[in-house]
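In: from the sequence below, what's the structure:
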Amino acid sequence: MHIDIKHLPQMPDEQQKRYLYVAIDRATRWVYLEFRCSQSSKDAWAFMKQVEEKTPFKIRIVLTDNAKCFTDGFTRAGERKSSGHHPFDQECQAHAIEHRLIKPGKPQTNGMVERFNGRISDVLATRRYTSGEDLQQTLKHYMWLYNHHIPQKALHHQSPIAVMKEWHAKRLELFTKRVVNHTGAET
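Out: Predicted coordinates for the structure are as follows:
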């Protein structure tokens, strides 16, 4: 699972900036996203809890950048040893998830989520948004379209949900929930 944060434009009706937390599964390209008001370790921890709850499969490895919201294991001197006390790391440890960090200055290591964030930038550039709610609903709808209807070349031109259903049929032990193809946009 690749995780990253994208800065969102502040809408005229908003009092503060918001951030888009994005998780994408490496094998199925399934995406989950949430809107949050900060890049704090508390928000990163809460997002990780939601990812675990919403993901229908067992998460084994999470890959993030070295931002303070994800780790306390990186300093300017290049030190890369986590204390184990960071909320995000503790959440991963509580669920036997290995938390890996990308090498500093190498965002391409987390390229899958970076590419998805590029798609989000393209969606944001398609029109003007009247409010924060308008922007949020558009991005939630895009996530639903992406997961259920947009064929991915890397998945032999199938959608993430279609591939996930195939995996579910073949490898039931990898899943914690039944995979459902929703007919309408998720709310």
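In: use CA for all of it now, contacts and neighbours both
Out: Will do.
In: just the CA coordinates of the single longest helix found in the chain, formatted as CSV?
Out: Longest helix in the chain by number of residues, with DSSP state H as the criterion: helix 132-148. Extracted in CSV, the C-alpha atoms of helix 132-148 (Å, rounded to 0.1, in the frame of the first residue of the first chain):
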residue,chain,number,x,y,z
GLY,A,132,-15.1,22.9,-0.8
GLU,A,133,-18.0,20.5,-0.8
ASP,A,134,-18.2,20.6,-4.6
LEU,A,135,-14.4,19.8,-4.8
GLN,A,136,-14.8,17.0,-2.3
GLN,A,137,-17.8,15.4,-4.1
THR,A,138,-15.9,15.5,-7.4
LEU,A,139,-12.9,13.8,-6.0
LYS,A,140,-14.9,11.1,-4.2
HIS,A,141,-16.8,10.5,-7.5
TYR,A,142,-13.5,10.2,-9.3
MET,A,143,-12.2,7.7,-6.8
TRP,A,144,-15.4,5.6,-7.3
LEU,A,145,-15.0,5.8,-11.1
TYR,A,146,-11.3,4.9,-10.9
ASN,A,147,-11.9,1.9,-8.7
HIS,A,148,-15.0,0.5,-10.5
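In: spell out the secondary structure type for the most centrally placed residue in the chain.
Out: In the chain, the centroid-proximal residue (CA atoms, centre = their mean) is A23; its distance is 1.3 Å. Here A23 is recorded as strand under DSSP: H, G, I helix; E, B strand; the rest coil.
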